[in-house]
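Participant: the following block contains a protein sequence and its predicted model.
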Amino acid sequence: MTLAGTAVAFMSLYLGAGALTPLLVTYKEQWHFEPSMLNVAFAVYALGFLVAVLTLGSLSDHLGRRPVLIGSLIVQVASNFLFLLAPDISWVIIGRIVQGIASGAATSAFTAALVEIAPEDKKRLGTILGSVSLTGGLAAGSLLAGLAIQITRSANTIIFIALIVLTVVGGLVVVASRETVTRSAGALRSIVPRVSIPPAVRKEFIAAAPVVAAVWMLAGLSGGLAPNMVRSVFHLESGLLNGIAGFVAPAVAAFIGLSFARVNSRRAMSIGIYASIIGAVGIISGVFAGSLAIMITGQAIAGVGFGASFTAALRLIFPLAEPYQRAGVVAAIYLVSYLAFGLPIVVEGQLVEPLGEIPAVVCYTTLTIILAFISLVAQARLKRHA
């Protein structure tokens, strides 16, 4: 019960993040703000997450899991209240930053706690729950929010009251759970960001970094651009379709990440690179053809690319680092991932006015193809020199 409750508490963080995917489109219609502000409201989550994970990501190793998790869930509840009561987009932007801080502070601690509290014969289940809670939470949050928007005019209120209740219940489970870490010195030192790429991992990191950036950019497209495109490009008025546009990629990524656990890492990386390229081409094709179905199919294939290549990148890089180097390597991977998740989508928002929405999306997606091809060449070189 504790294991399941902790997984639910973890998922509540990402349900909230996923729910904003279709809700941002609703806010835009309600408050009539500039289209570029929608991109900003989506992207600032990455800023909050990155700052928190770089400074607070290792804190639970010293203070214990429970204090960090309880604190993060309190911050998450605060973000939900900001969304619940928001009178304009500025509150949503603040809420997204706060939401990102909560997720960034809690993700490492939750991932470790799920493995540590799992029974000895179910440690793999703890790892699986950690992965599914993250990507599955994003997918489910988007789909459920889209459904709520479709069937009720009080979607924002219903969604965030439900999330507040779920987060509080999750917090009570964490309070009642046992502590799995003995307190140790070094808490203050742990909040100093450590980003490092040791010589032993450098070749693999450089080869993987472009496609890691590409798949996170495509994830940003699915979460930040696609739901709005349902209305602005395809002229379809449907909250449910907005939610589906944000649901498909993370749902497929979660499934592939789990099912590729036993696939050779180098092979999984190649599959992921090709899938990200094909998925990006599919997205562009859907936009030009005026077909939402083609675009969503492209997003699904891009989800395969994310699930395969990002998981493979972690499996190829981590074993090459010494245990004392891994925190810095994790920070470097997060830095690439969340900069790619947030920054390009803000730039895309600025390009919409001078270029138009479709050309701006095409430029954004074309960049992901170029990055994936760079990794494809780098992977081929690694294979030749292996």
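Facilitator: Sure thing, it's come through.
Participant: pLDDT weak spots in this protein?
Facilitator: Where the chain drops to pLDDT under 70, the residues are 1, 124, 386.
Participant: domain parsing for it?
Facilitator: The chain is divided into the following domains under automatic domain parsing: 1-179, 195-386.
Participant: of all the ones you listed, which lies closest to residue 187?
Facilitator: Across these, residue 187 has its closest neighbour in domain 1-179 (4.0 Å, C-beta to C-beta). Every residue, glycine included, has its C-beta placed from N, CA and C.
Participant: centre of the chain versus the closest one, how much separation?
Facilitator: Averaging C-alpha positions (C-alpha atoms, centre = their mean, to the nearest Å) puts domain 1-179 11 Å from its chain's average.
Participant: mind giving me CSV with the domains of the chain and columns for mean neighbour count?
Facilitator: As requested, the domains of the chain are exported to CSV (neighbours: other C-beta atoms under 10 Å):
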stretch, mean neighbour count
domain 1-179, 21
domain 195-386, 20
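Participant: of the ones you listed, which approaches residue 189 most closely?
Facilitator: Among the domains of the chain, domain 1-179 sits nearest to residue 189 (C-beta to C-beta), with 8.6 Å.
Participant: and the strands in the stretch 51-200 of the chain?
Facilitator: Per DSSP state E, counting those that start in this stretch, the stretch 51-200 of the chain carries no strands over any range.
Participant: sec struct for residue 203, please.
Facilitator: Here residue 203 is recorded as helix under DSSP: H, G, I helix; E, B strand; the rest coil.
Participant: distance of the closest residue to residue 130 other than its chain neighbours from residue 224?
Facilitator: Residue nearest to residue 130 in three dimensions, not counting chain neighbours: residue 111, with 4.2 Å by C-beta to C-beta, 6 or more residues apart in numbering. Plainly put, residue 111 is 24 Å away from residue 224 if you go by C-beta to C-beta, to the nearest Å.
Participant: who are the packing partners of the helix or strand in which residue 218 is found?
Facilitator: Using DSSP states H and E, residue 218 sits within helix 199-220. With contacts defined as 3 or more C-beta pairs under 8 Å, 6 or more residues apart in numbering; DSSP states H and E, the packing partners of helix 199-220 are helix 35-56, helix 239-259, helix 265-289, helix 292-317, helix 326-355, helix 357-384.
Participant: enumerate every residue touching the closest residue to residue 178 other than its chain neighbours.
Facilitator: Spatially, and ignoring its direct neighbours in sequence, residue 178 is nearest to residue 117 (7.0 Å; C-beta to C-beta, 6+ apart). Residues near residue 117 by C-beta atoms under 8 Å, 6 or more residues apart in numbering: 2, 3, 6, 126, 177, 178, 180.
Participant: closest to residue 138 out of the residues you listed?
Facilitator: residue 6 (18.1 Å).
Participant: give me every residue that touches the closest one.
Facilitator: 110, 113, 114, 117, 170, 173, 174, 177.
Participant: identify the farthest-apart pair in those.
Facilitator: 117 and 170 (13.7 Å).
Participant: where's the residue nearest to residue 130 relative to residue 198, distance?
Facilitator: Distance of residue 111 to residue 198, given as C-beta to C-beta: 22 Å.
Participant: equivalent analysis for residue 153, please.
Facilitator: 54 Å.
Participant: repeat that for residue 310.
Facilitator: Taking C-beta to C-beta, one finds residue 310 at 20 Å from residue 198.
Participant: also residue 65?
Facilitator: In terms of C-beta to C-beta, residue 65 sits 27 Å off from residue 198.
Participant: what residues are up against residue 140?
Facilitator: 11, 15, 18, 247.
Participant: tell me who's in contact with residue 376.
Facilitator: Residue 376 makes contact with 211, 270, 273, 274, 277, according to C-beta under 8 Å, 6+ apart.
Participant: if we go to 7 Å?
Facilitator: Contact analysis of residue 376 by C-beta atoms under 7 Å, 6 or more residues apart in numbering lists residue 273.
Participant: start to end distance for stretch 169-185?
Facilitator: End-to-end span of stretch 169-185 (C-alpha to C-alpha, to the nearest Å): 31 Å.
Participant: can you check stretch 226-241 too?
Facilitator: Span of stretch 226-241 from end to end, C-alpha to C-alpha: 10 Å.
Participant: contacting residues around that stretch?
Facilitator: By C-beta under 7 Å, 6+ apart, the residues outside stretch 226-241 that reach it are 21-22, 25, 38, 146-147, 149-150, 242, 245-246, 287, 290, 292, 299, 357-358.
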